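Chemist: need a structure here:
(2 chains)
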Amino acid sequence: MLTADTSTLRLRHLSLAGLVAAAVGLSSAGAPAQEGSEPQAPPEEASLIDPRAEERLRAVSDLLAGADTLTFRAVSFFDEVRESGIQIKRFIVHDVQVDRPGRLAFTSTFDDGTVRQGWYDGETLTVAMPDADRYMRIEAPGDIDALLDLMQQDYDLNLPLADILYSDVYAAQEPYLLSALHLGERILEDQRLDHLSMESTGADWQLWLEQGERPLPRRMVIEFVAAEGQPEYMATFASWTLNEPIDPATFTAEIPEGWEQVEPVR
Amino acid sequence: MNVSRRALLLRLLPGALALPALAATDGAVAQTYYDVSGNVIVVNPGTLAAPVTVYDAYRRPVVVYPAGPAYAPSPVYGPAGVVGQSRRVARRTSRRTAARWN
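Modeler: Next comes the predicted model:
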C-alpha cells in the first residue's frame, strides 16, 4: 500500500495550529492580562519548503556530489511551441559521462536524426555537429560548474540535463526555489519512488527519486511556466552508473580534418 | 520615443497579423519587428552578420539569427534547465500557500 501524503497533512495541521494560536492571541490582546499567563508567541509562518522534500533533494544532491564519476542515459520529450501556438512533441536521447571536477562528455541524438557530441576537458568545450561537418569551440577554463554557469549566462546553448550536473545540485537550485513538496510514494516499473514537486522562479519541476540511500533520479519533468505556451520537458533516466572508471579517451574531442569551425551563439 | 499609430495598432493585432512577411532574400524572409523604443524595424536574416535581439508586437524579445547553418538556433540540445531558465526570467512568487498547500 502506498504511504499517505503525510507532509500535506502535517502542514495543514501546522496551519490550523497557527490559526488557533492567532485566534488565541487576538482574543487575549483585547482582554485584561491574567496573572501568571504566558505571553502568546506570534503564529509561526509556515514554510513553503516541505522538510521531507528538502531532505530528499539534499540526499540526491549529496549522492551525486559524492560520485567522482557518473554516467546516465536520459530519454527525453520536450514541447516545441510553434508560432501558431500549437505544441509539437520532440524527442531526444542524451548519453552523458561526467568525471568530476572538470571533464564532461555527451552525445545527444534528436528525433530528426541529427546528433550533437560534446567534450569538455576542463579548459575547452568542443561541440561537434556531424550532420553538417561543423564544430564549435568555447574556452571555459575551470570545472563543470563554471562551464554550466558560462553556458547559461553567456551562450545560447543548453547542455543536456544541466540541473543535475552541478557538483551541488541543491545549492544550485536553492537561490531560485520558491516551494517544494513531497507528494508521496509512486511506483514506476515495480520501483517505489519519492515524488517531489517544486516551484522555482523560472519553472515548475518534478522529480521522482529512488527510495533509500541511493536516491537516484528516475524521472524529471520541467514545466516552463514563464515561457509562451508553457512547454514541458520530461526526462526518464536509465543506465545510471556511479564511481565506475571511464576511459579517459571519452573526454577527448574527435574532430575530423576538414570540418568547418563555426562561432557559438552568444 | 517615437511610436507611430501603425506601430501601436500592430501591437494590438494578433501576432500573425502584426508580423507580416515582407520579402524574401536568399531564402531568408524579412520581417517587421520593433526596437526597444517601439520603432518599427525590418530584419532580414539573409543580411545579418550576427544574431540580434528585437521585439515583437507584444514587446516580447525575439532573437533573430543569421540565415545559414552556421548559426543553429537554440534549443540546440533541448530547452534550458530549471537554473538556466530561472536566471533568464523575472522572479515570481509561489502559487502555494499554507492554506492551499497543493
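
Chemist: all contacts plus neighbour counts: C-alpha atoms, from now on.
Modeler: Will do.

Chemist: now do stretch A:175-195: distance from first to last residue.
Modeler: One end of stretch A:175-195 sits 22 Å from the other (Cα to Cα, to the nearest Å).

Chemist: what about the helices in the stretch 51-200 of chain A?
Modeler: Assigned by DSSP state H, counting those that start in this stretch, the stretch 51-200 of chain A shows helices spanning A:51-65, A:144-154, A:169-173.

Chemist: next, the buried residues of stretch A:157-175.
Modeler: A:157-170, A:172-173 (16 or more other Cα atoms under 10 Å in any protein chain shown).

Chemist: in chain B, which residue sits nearest chain A?
Modeler: In chain B, the residue that lies nearest chain A is B:Ser86 (3.7 Å; Cα to the nearest Cα).

Chemist: what about the strands in chain B?
Modeler: Using DSSP state E, the strands of chain B run over B:21-25, B:28-34, B:40-43, B:52-55, B:61-64.

Chemist: do the stretch 151-266 of chain A as well
Modeler: Taking DSSP state E, counting those that start in this stretch as the test, the strands found in the stretch 151-266 of chain A are A:177-188, A:191-200, A:204-210, A:217-223, A:232-242, A:260-261.

Chemist: nearest to A:Pro130, of the ones you listed?
Modeler: A:Pro130 lies closest to strand A:260-261 among these, at 10.7 Å (Cα to Cα).

Chemist: ok, and what's touching the closest one?
Modeler: Identification of contacts with strand A:260-261 by Cα atoms under 8 Å, 6 or more residues apart in numbering or on different chains yields A:Asp133, A:Arg134, A:Tyr135, A:Met136, A:Arg137.

Chemist: partner strands of it and their direction?
Modeler: strand A:134-139 (parallel) (DSSP bridges).

Chemist: list the buried residues for the strand it pairs with?
Modeler: Buried, per 16+ other Cα under 10 Å, within strand A:134-139: A:Arg134, A:Tyr135, A:Met136, A:Arg137, A:Ile138.

Chemist: the third one contacts A:Tyr120, correct?
Modeler: No: at 11.9 Å, A:Met136 and A:Tyr120 do not qualify as touching, with contact defined as Cα atoms under 8 Å.

Chemist: what is in contact with these two at once?
Modeler: A:Thr126.

Chemist: now stretch A:71-85: buried residues?
Modeler: Quick answer for stretch A:71-85 (16+ other Cα under 10 Å): A:Thr71, A:Phe72, A:Arg73, A:Ala74, A:Val75, A:Ser76, A:Phe77, A:Phe78, A:Asp79, A:Glu80, A:Val81.

Chemist: low-confidence ranges, the stretch 1-150 of chain A, go.
Modeler: Along the stretch 1-150 of chain A, the parts satisfying pLDDT under 70 run over A:1-46.

Chemist: strands of that one, start to end?
Modeler: Along the stretch 1-150 of chain A, the stretches classed as strands by DSSP E, counting those that start in this stretch are A:69-81, A:87-99, A:103-110, A:115-120, A:124-129, A:134-139.

Chemist: note down every partner strand of the second one and its orientation.
Modeler: If you go by DSSP bridges, strand A:87-99 pairs up with strand A:69-81 (antiparallel), strand A:103-110 (antiparallel).
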